[in-house]
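Undergrad: please work out how this folds:
(chains A, B, C and D)
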Number of protein chains: 4
Amino acid sequence: MSTPSTPTLGVGMIGYAFMGRAHSQAWRNVRSYFDAPATPRLVAVAGRNEAAARDTADRFGWAGVETEWRRLLERDDIDIIDICTPGDTHAEIAVAALEAGKHVLCEKPLANSVDEAEAMVRAAEAARERGVRSMVGFTYRRVPAIAYARQLVAEGRLGRILHVRGAYLQDWLVDPESPLTWRLQKERAGSGALGDVGAHIVDLAQFVTGETLTGVSALTETFVRERPVADPASLGTGGISATAASNGAATTGPVTVDDAAVLVSRLSGGALATFEATRFANGRKNAIRLEVNGTDGSLAFDFEDMNVLHVFDGRAASRDAGFTRVLVTEASHPYVAAWWPPGHVLGYEHGFTHQAVDLLTAIAEGTDPRPTFSDGLQVQRILSAVEASAERSGSWTPVDGARVSTSALS
Amino acid sequence: MSTPSTPTLGVGMIGYAFMGRAHSQAWRNVRSYFDAPATPRLVAVAGRNEAAARDTADRFGWAGVETEWRRLLERDDIDIIDICTPGDTHAEIAVAALEAGKHVLCEKPLANSVDEAEAMVRAAEAARERGVRSMVGFTYRRVPAIAYARQLVAEGRLGRILHVRGAYLQDWLVDPESPLTWRLQKERAGSGALGDVGAHIVDLAQFVTGETLTGVSALTETFVRERPVADPASLGTGGISATAASNGAATTGPVTVDDAAVLVSRLSGGALATFEATRFANGRKNAIRLEVNGTDGSLAFDFEDMNVLHVFDGRAASRDAGFTRVLVTEASHPYVAAWWPPGHVLGYEHGFTHQAVDLLTAIAEGTDPRPTFSDGLQVQRILSAVEASAERSGSWTPVDGARVSTSALS
Amino acid sequence: MSTPSTPTLGVGMIGYAFMGRAHSQAWRNVRSYFDAPATPRLVAVAGRNEAAARDTADRFGWAGVETEWRRLLERDDIDIIDICTPGDTHAEIAVAALEAGKHVLCEKPLANSVDEAEAMVRAAEAARERGVRSMVGFTYRRVPAIAYARQLVAEGRLGRILHVRGAYLQDWLVDPESPLTWRLQKERAGSGALGDVGAHIVDLAQFVTGETLTGVSALTETFVRERPVADPASLGTGGISATAASNGAATTGPVTVDDAAVLVSRLSGGALATFEATRFANGRKNAIRLEVNGTDGSLAFDFEDMNVLHVFDGRAASRDAGFTRVLVTEASHPYVAAWWPPGHVLGYEHGFTHQAVDLLTAIAEGTDPRPTFSDGLQVQRILSAVEASAERSGSWTPVDGARVSTSALS
Amino acid sequence: MSTPSTPTLGVGMIGYAFMGRAHSQAWRNVRSYFDAPATPRLVAVAGRNEAAARDTADRFGWAGVETEWRRLLERDDIDIIDICTPGDTHAEIAVAALEAGKHVLCEKPLANSVDEAEAMVRAAEAARERGVRSMVGFTYRRVPAIAYARQLVAEGRLGRILHVRGAYLQDWLVDPESPLTWRLQKERAGSGALGDVGAHIVDLAQFVTGETLTGVSALTETFVRERPVADPASLGTGGISATAASNGAATTGPVTVDDAAVLVSRLSGGALATFEATRFANGRKNAIRLEVNGTDGSLAFDFEDMNVLHVFDGRAASRDAGFTRVLVTEASHPYVAAWWPPGHVLGYEHGFTHQAVDLLTAIAEGTDPRPTFSDGLQVQRILSAVEASAERSGSWTPVDGARVSTSALS
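TA: Residues are numbered from 1 along each chain as shown, chains lettered A, B, ... in the order given. Reported below is the predicted structural model:
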């Protein structure tokens, strides 16, 4: 609970749809469950569609609404700008907000191009000099099972990392009649499955292992190249649940992003890795899968069972060794003590609250929250390398600034 | 979102600890995610410990605090009394609230004895004549996978029910140094694992099958009969995470409730059933397990993987038959459309929001919410039969008002 | 491999159907995979249906066939009598074989009544004085995961046992048109699910815990009381895959055994237990489930995933604790070194080979193989107590010769 | 059971270690469980180490032993040559056997190079003109769950294939002290994880989907480049369980094969695929994983739970859809009717019996058994493309004779 001495930080959020609601719940939950060194105040939601923005504001207790996001930057009662819009707007908003002295939380992927991301990093570094913080929203890092996985690797429990296999599998586009939305348009979304879900799995792999991807050989595919246009207006509103127009006059439009991407990679420590991102894995709804094998142990995670981490201790006697299904709901697990007793599992949106707590804490303590914009840029460079490799039929494409370790175990 | 014509109902909550916080989140979440025909207003929390009550109030946005629960009944701005206190206080509060014309949501078990529960049912029936509603908080009925299970049985997908196996397994008391709290004292808690978790699993079995337990043969056990007293004052405050006093002068006190109960039963439709309730199942944290086998199909559920229901269709060809792991996160599943896209799983506390929505809807529409106090009384009668059977070494003990079907399938 | 000095023991097997084939494979496999101190010679199969017996003999390499089982007892080249017939014949054959100086392996349940089983124990004890060995075929004890579970309990890894939940779930009778066979007739089979599959789960629970059931409260049910008679002759031939006569003139006959049994019990060390045996658990094919919870750890097993044992170490730090899925295919696991590399899983029939090896080893070494006929009698007494309890509506019924521990943990 | 008119085919097996024993069990089991149109006679085992060969012969009932494999080709009582030796000997033996008019079953991978494999295919095609059959031992095709998976795809249940993810994960080399054996020497084994386990997963993917890999981008790695030499002699004897010399004088030798390989690919129908083969996935013992996603459904398999196939029906209503865990032990499943009742699971070696039955049937019926040597060659070409791609840092490398479909779904 906030004490008299706990400062309050005003939050202005841009965007009000799926992500906007997840973030709203987070800002509201912080003081309910955590004793953070700063308390958020939900000042205003910005959105061009005023009625929609007001609806989110009313539902979650935001004090006001703005139809022009720049207005949020001008308000003195706002300390943090929370960017929940499609990727094509991230750079402009984030740079402006940072220049206006606002701390920034920006949804992933950081931007739609490496150039944009680099500009954002420059702005973040300049702002940092002035004590202004920035963070990119790879929220799944804050799923307790993932944070616990990171702990184990950092403690050396896995030894040297040898293998990573990551996949982010969804199936919501497998129906060719599923309509065209902004997420399927390159100019809005930047890329398709690659940036939307592939960015997450690549970030998680790097976060958990503490290593980076050094290069990729990748293939991408667009399985459905024309889709019905639900409603021309809908292309500007986001949301993945839009349904096709029921009148017979529906027109179609081209899908200009990838439906799926697969890649192999080497990590900076020498591990081999495979990754897959798709919205066409029939039957998989939000299967964020990460497996890591090291010389001393292994990890396995699947978001569809998000409260569980499977851990193998390679130093156990062979008779007793096996993957331990850790139900990550103990008070000793990251973030969990704030919530419920053991076994009372958490859900999707809890990670957003953890993200908000961590950002508030960093701001209050004057430290840099992770993941930084530089982390986001590094992911962007990987996405860019994937696209470049795919355009050249899977040719090996180094990721800028990465390096391969070539030392063998013996 | 609430519309101008949506009425607002004031809520007064008694109790502020574990259950109080879960209920607070629910009241706050209703308008955020659901379009219920009534909107709750969080008016006041009542608790003898004012500072603790105020902490919960501040964290969740309750407007006020009262140190005497009866004050809530006198306030005109309160329409609903939400009882989150230990079981020994339920009857007094609920009867008084109903007589004061307040709708009542009462945590389970309904009461600590059949007599109390009967008095509550009488009060509820009298109040009902005046349009005052009452409901008992068997919240797990509102886990989407459980509500979906009920749908399947109600649709006849399982055929006639032949077997039920239910278990509610926890392990938080397996450490004999875990301290004595009110939950281990018969005069406060009524019973131990039986009423705390056994009540849930019995209720779920009846809810999902639509049948009732007709009698039981039961055994109970108290494995640890003396425990350290953490702090004499703590015995009045509840919470399951109390820790033992660290000074060497800790005294011990007697555990006066059961640590575990097991029973066999027959359901009203002729099925055989086994049930188990324990806080000593090492490694099981909140394993609410329910399996139902019918002539045409089967179901299996475990709360530790709460977003999943396993369904067997016995009419499928043998080559293709098997338990289908349904990830109960589709918009077509009960309650789910209000939340996130498929695969973005829900957690423990979401069921409380569903409970709040259903109660508000019932009040607004003038219908009786389920489970009723009569449903709670029926569970209380089963708990009483279990205790009576256990006292007589497992002798068969009919549940009042139940009846066995003796018809065979052929 | 057998060495020149390895003695050879002649085997005569009575019965040739499902069990006969499983045993045949075992006798043949012993020398292929194990270096036992004695080598079996497959001398003869006995069966009234000569053609059927010869078929099994030809398929598995038995040297001869007898149509009268007593002939096997008269042959000098036979040292071991292996009884694979329905339960109503066990006592007569086993007693005669033991008196004839033959070692006996008898399929479970040991007999169809306690009286028969007691006679068999007397014969076994008398024979034992003369160095003649006897063993009852609770083969599942030799599934490596079960043998490993026993090791863990015996080493004290679980501490004091608090809970046992056992179930043996099949569904092959859920179709009311499934025909009447000898397994559904009390005079042949003794009992239904209780003796056929319930005997196994009760034996496994006692084997793994090293404790005994002291008494039971039980319910039984016959869900389908009349079934079509496939072919009157078939009632004498066994096999669970008989199909109903396709001509329209099929008659029906009464099912005189239980279809399912459920019970609660106390173990000799004070644990509470539930058990269930059924052939009506739709979708469960051979789900032999055993869970044991102790003060220091827990175990869970399901035969449908028979190469796996789930083990919980309650002494691990809460952050790292969980059920470890041990794939019981390491050379360090019981029986496994003889077979394939790790991960190359075993199947149902392998346990029979382990049983044969253990019996041959005991004979060669002059020790008593387990489970003994006394172990079989003890299970028979439990089955009898279950039936007695069920006849008296679940009244508590002590198991002869057992005793309850009443000491609490503290 | 063999009938009087069932022909008998003499088998001569070359190799007697791990594979030799698995094949021996298969030849012996055929007549026990299946009614094949031909019956095998176990004539002789060939091996340079006569004692070791004789041991296998004695254990499994082979009539004789030869120390020179060419002797088997000269014997008139041998019809089938079964090649269970390391890959460097396959071509010479197989070609000679085919030319000698013997049917050939050759373990996988078909050869150590494409050139050798092509020579074998030419020999097989020439022999085929004379009615002589040949087959390569991708045994896992005959695991019932895999054969069932193939059925489902062939029936169109998955629609068009969009994604394949395959992995064959073992961990037996993760210990750097695990000794050098022939499997780690390029001149004997051809390649490492790639040919040993990667060949299987690639073959399974092609078998189940009915499509071929058209090209690859691949990376390989040798994590441990020097290993202790157990015993120089051991390098010639095979077996993966060799242990390091216990005397302190152990020398080391270079590992000349890959420890792991990862690759992305496109299938002939346009699907994207990822594959991984490794012996360094700590905790995974024999995890042969195959997942296939199509427009209408999906499949998932893991050999560590080999009796199960998970099947998703994308045409089911969203409320009821999910992966169905099919326990592939029904009589309606491929190969299963010959064995045990439902739920009585099969193990690793059963697939070898199925392979033997299928080969005998093909010979008796005069048809070509699958997989053919051409199928083996096609896998060899993939392995070769993987190595070529890995040598060029993952550059896209077409597989000879394959073709990409570029048609989108719409």
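
Undergrad: what number of residues lie near the residue lying closest to residue A:26 once chain neighbours are set aside?
TA: Of all residues not flanking residue A:26 in the chain, residue A:352 sits nearest, at 3.6 Å (CB to CB, 6 or more residues apart in numbering or on different chains). (Glycine included, C-beta is placed from N, CA and C.) Around residue A:352 there are 22 other residues, counting by other CB atoms under 10 Å in any protein chain shown.

Undergrad: could you report the distance from residue A:352 to chain B?
TA: 11 Å (CB to the nearest CB, to the nearest Å).

Undergrad: again, but for residue A:378
TA: Per CB to the nearest CB, residue A:378 is found 26 Å from chain B.

Undergrad: can you verify that residue is assigned to a helix?
TA: Yes - membership of residue A:378 in a helix is supported by DSSP: H, G, I helix; E, B strand; the rest coil.

Undergrad: what number of residues lie near it?
TA: Burial measure for residue A:378: 23 neighbouring residues, criterion other CB under 10 Å.

Undergrad: can you give me the neighbour number for residue A:319?
TA: Residue A:319 - counted by other CB under 10 Å - has 17 other residues nearby.

Undergrad: not counting sequence-adjacent ones, nearest residue to it?
TA: Nearest one to residue A:319, counting by CB to CB, 6+ apart, is residue C:332 at 4.1 Å.

Undergrad: three-state assignment of the one you found?
TA: Going by three-state DSSP: residue C:332 is coil.

Undergrad: quick one, what contacts it?
TA: A:317-319 (CB atoms under 8 Å, 6 or more residues apart in numbering or on different chains).

Undergrad: and it, what's its pLDDT?
TA: The score at residue C:332 is 98. That number is its pLDDT.

Undergrad: hmm, the strand or helix carrying residue A:146 touching chain D?
TA: Per DSSP states H and E, residue A:146 falls inside helix A:144-154. No - on the criterion CB under 8 Å from any CB of the partner chain, helix A:144-154 is out of touch with chain D, staying 12.8 Å away.

Undergrad: could you dump stretch A:77-92 to CSV, C-alpha only?
TA: Extracted as CSV, the C-alpha positions of stretch A:77-92 are listed here (Å, rounded to 0.1, in the frame of the first residue of the first chain):
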residue,chain,number,x,y,z
ASP,A,77,0.2,15.8,-14.4
ILE,A,78,1.5,13.1,-16.6
ASP,A,79,4.9,11.5,-15.9
ILE,A,80,4.7,8.3,-17.9
ILE,A,81,3.6,7.8,-21.5
ASP,A,82,2.4,4.3,-22.1
ILE,A,83,2.3,3.5,-25.9
CYS,A,84,-0.2,0.8,-26.9
THR,A,85,-0.7,1.7,-30.5
PRO,A,86,0.3,-0.2,-33.7
GLY,A,87,4.0,-0.3,-34.5
ASP,A,88,4.0,2.4,-37.2
THR,A,89,3.4,5.1,-34.6
HIS,A,90,5.9,4.0,-31.9
ALA,A,91,8.9,6.0,-33.1
GLU,A,92,7.2,9.3,-33.5
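
Undergrad: residues of that stretch that come out buried?
TA: A:78-92 (16 or more other CB atoms under 10 Å in any protein chain shown).

Undergrad: from the middle of its chain, how far away would it be?
TA: Between the centre of stretch A:77-92 and the centre of its host chain there is 14 Å, according to CA atoms, centre = their mean, to the nearest Å.

Undergrad: isn't residue A:117 right up against residue A:377?
TA: Yes - contact criterion CB atoms under 8 Å: residue A:117 and residue A:377 qualify, at 4.2 Å.

Undergrad: more neighbours: those two, which one.
TA: Each of residue A:117 and residue A:377 has its neighbours counted (other CB under 10 Å); residue A:117 has more, 27 against 24.

Undergrad: now do the more buried one, the pLDDT please.
TA: pLDDT at residue A:117 comes out at 96.

Undergrad: hmm, who's touching the helix or strand that contains it?
TA: Following DSSP H and E, one finds residue A:117 within helix A:114-129. Helix A:114-129 is contacted from outside by A:90-91, A:94-95, A:98-99, A:101, A:104, A:106, A:110-111, A:133-134, A:368, A:372-374, A:376-377, A:380-381, A:384, using CB under 8 Å, 6+ apart.

Undergrad: type out the PyMOL command that picks the buried ones from the residues you listed.
TA: Per 16+ other CB under 10 Å, the buried members of the contacts of helix A:114-129 correspond to this PyMOL selection:
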select buried, chain A and resi 90+91+94+95+98+104+106+110+111+133+134+372+373+374+376+377+380+381+384
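
Undergrad: mind checking which of the contacts of helix A:114-129 are in strands?
TA: Members of these lying in strands (criterion: DSSP state E): A:104, A:106, A:134.

Undergrad: the second one reaches residue A:375, doesn't it?
TA: So the one you mean is residue A:106. No - assessed by CB under 8 Å, residue A:106 is found out of contact with residue A:375, at 11.4 Å.

Undergrad: what sits in contact with each of those two?
TA: With CB under 8 Å, 6+ apart as the test, residue A:106 and residue A:375 both reach residue A:136.

Undergrad: circling back to that earlier point, now list whatever residues contact both of residue A:117 and residue A:377.
TA: Common neighbours of residue A:117 and residue A:377 (criterion: CB under 8 Å, 6+ apart): residue A:110.

Undergrad: stretch A:157-169 near chain D anywhere?
TA: Yes - with CB under 8 Å from any CB as the measure, stretch A:157-169 is seen reaching chain D through A:158, A:162-163, A:165, A:167.

Undergrad: adding neighbour count, write those residues out as a markdown table.
TA: Below are the residues of stretch A:157-169 next to chain D laid out as a markdown table (neighbours: other CB atoms under 10 Å in any protein chain shown):
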| residue | neighbour count |
| --- | --- |
| A:158 | 26 |
| A:162 | 28 |
| A:163 | 26 |
| A:165 | 26 |
| A:167 | 25 |
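
Undergrad: please list which of these are also close to chain B.
TA: Of the residues of stretch A:157-169 next to chain D, not one also sits near chain B (CB under 8 Å from any CB).

Undergrad: which of those residues fall in strands?
TA: A:162-163, A:165, A:167.

Undergrad: closest one of these to chain C?
TA: Using CB to the nearest CB, residue A:163 comes nearest to chain C of those, at 16.4 Å.
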